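# Quick one, structure for this:
(one chain, ligands or ions: 1)
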Amino acid sequence: MRIASRNASPKSAAFRLRFQDGAELVLTEAGSKKRAGVWLLTPEQADAELAHLGPEALGLGAGRLAEILQADSRRLHSLLRDQRAIAGIGRAWANEILHHAKLSPYALSGDLDPGQVRRLAEAIDAELSRGLELRERGAADNRVYRVHKKLAEPCYVCGTPIARVDYEEHTVYYCPDCREACDVSLANTSVD
Ligand SMILES: [Zn+2]
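Numbering: from 1, shown residues only. You can find the predicted model right below:
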């Protein structure tokens, strides 16, 4: 959802709220499953609806992130996507963030050292900021994502073809050469 000027407003909006000054709050949904919606709630109802969410991902910081990572040792890709732990990261951004941080999607959150936690916190901010800026300019998925759904395309850091692996219900995209050499191998997962 974003604020758009009347000139730049997308035509295929699922929801559009027009303000008196001409600006619009516009909801578009790129996926085909159409799960987005708009609800009108009182502040109390909104608090109750959002109570299960973790802290906002953007601006989380290394200190708070370290607490979340240590609270429950889980694979990084799963943990980043869990809205109860951290709000605002889906599977695509989990791929982008972990690539940026040079961390394996399968590394266990409790195993990260302080330097890796700092790198992950920086990657969350850098990638979400980059994505927001591009989205506000109307960029489509293929420009916004650099790793997600880029199977066999060259990694933007090292040129190695991007690989993918199916994991839980999700397809994880990653660069085999950009992860740290010491991280968890992809053995025991189905590679296609
Ligand atoms: Zn790479």
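
# show me what contacts the residue sitting nearest the centre point of the chain?
Note on the chain: the residue nearest the mean C-alpha position is Trp93, at 2.4 Å, using CA atoms, centre = their mean. With contact taken as CB atoms under 8 Å, 6 or more residues apart in numbering, Trp93 is in contact with 80, 127-128, 131, 148. Backbone N, C-alpha and C define where each C-beta goes, glycine included.

# ok, now Tyr167?
Residues near Tyr167 by CB under 8 Å, 6+ apart: 75, 77, 105-106, 189.

# Check Leu79 too.
68-69, 72, 85-86, 109.

# By neighbours, which of the residues you listed wins?
With neighbours taken as other CB atoms under 10 Å, the top of these is Leu69, carrying 25 neighbours.

# I figured that one hits Arg118, correct?
No: using CB atoms under 8 Å as the test, Leu69 is too far from Arg118 to be in contact (11.5 Å).

# What's the first helix or strand after whichever helix in the chain runs longest?
Ranked by residue count, the top helix of the chain under DSSP state H comes out as helix 114-136. As assigned by DSSP states H and E, the chain's next helix or strand after helix 114-136 is helix 141-144.

# From the chain's centroid, how far away is that following helix?
Counting by CA atoms, centre = their mean, to the nearest Å, helix 141-144 is centred 13 Å from the centre of its parent chain.

# Mind listing residues that contact it?
Residues outside helix 141-144 that contact it (CB under 8 Å, 6+ apart) are 30, 92, 131, 134-135, 148-149.

# Next: stretch 14-21.
Under CB under 8 Å, 6+ apart, the answer for stretch 14-21 is 1, 9, 24-29, 34, 36, 38.

# what's the answer for stretch 152-162, then?
Applying CB under 8 Å, 6+ apart, the set of residues contacting stretch 152-162 from outside is 99, 146-147, 150-151, 173-178.

# can you narrow those to ones near the ion?
Among the contacts of stretch 152-162, the ones lying near the ion by CB under 5 Å from the ion are 175, 177-178.
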